[in-house]
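Asks: Got a sequence here, can you build the structure:
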Amino acid sequence: MKLYYLKSKYCFMKGLSPIVASVILIATTMAIAGILSFWAGSFVEKKVGETENTTSDISCLNTRFSLFTQCQFDQQKKEISFILENQVNQDIILDSLYVFYPNNNLKQYKLSLKLPANQLMPFNQNNIEPGFVNFQLRTTCPNIYKEFNCSEVS
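Replies: Okay, the predicted model is just below:
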């Protein structure tokens with residue numbers, strides 16, 4: 001039965017039960033909360049990854065090292081040796097040594113050595129075949145490396 005009273009704008013109609021309305025409201029709220037939770041989780045995960053990369057890049061900005069002594073190659077031992085100098089107040093991780101040979105041949109040695117902050121450190125690498133052109137010592141920081149040559153020791 002529908003009854004309309006137009007002058008006072010009251011309307012008597014059957015509607016949803018309060019229990020059904022409450023259930024629909026709670027279900028809608030939970031669905032929205034689930035969507036927001038999923039979005040926030042992926043957003044935070046993405047931002048944490050960006051922050052870690054930025055922190056790594058910032059720590060690499062001031063990274064500087066050099067060869068304190070000239071590189072020497074002992075052909076009998078097949079070994080190069082020199083002294084490295086860390087020129088900054090943070091440790092540097094030496095990642096790899098590349099040996100370049102003629103005709104674009106290359107040999108890589110994995111290192112994982114820590115060069116302590118503001119310190120000198122002797123460096124030796126054996127099993128180096130003669131006939132090399134030059135060397136490259138790389139760190140874990142992108143684009144932080146030293147290229148150098150070695151002179152032969154008799």
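
Asks: any low-confidence regions in this protein?
Replies: 1-14, 50-57, 154 (pLDDT under 70).

Asks: how does it divide into domains?
Replies: For the chain, automatic domain parsing gives the domain ranges 17-61, 65-153.

Asks: Mind putting those domains into a markdown table with mean neighbour count?
Replies: For glycine as for every other residue, the C-beta is placed from the backbone atoms N, C-alpha and C. Formatted as a markdown table, the domains of the chain follow (neighbours: other C-beta atoms under 10 Å):
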| stretch | mean neighbour count |
| --- | --- |
| domain 17-61 | 10 |
| domain 65-153 | 14 |
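
Asks: a helix runs through Gly41, doesn't it?
Replies: Yes - using DSSP: H, G, I helix; E, B strand; the rest coil, the assignment for Gly41 is a helix.

Asks: can you pull the contacts of it?
Replies: Neighbour list for Gly41: empty [criterion: C-beta atoms under 8 Å, 6 or more residues apart in numbering].

Asks: Next, work out how far apart it and Ala27 are.
Replies: Separation of Gly41 from Ala27 (C-beta to C-beta, to the nearest Å): 21 Å.

Asks: all helices of this structure, in order?
Replies: 18-61 (DSSP state H).

Asks: So which residues of it form strands?
Replies: 3-5, 10-12, 65-67, 71-74, 79-86, 92-101, 105-115, 120-126, 134-139, 145-148, 150-153 (DSSP state E).

Asks: Tell me which of these sits nearest to Ile35.
Replies: With C-beta to C-beta as the criterion, Ile35 lies closest to strand 10-12 of these, at 35.2 Å.

Asks: what's the offset of stretch 143-154 from the middle of its chain?
Replies: Remark: stretch 143-154 is offset 27 Å from the chain centroid, using C-alpha atoms, centre = their mean, to the nearest Å.
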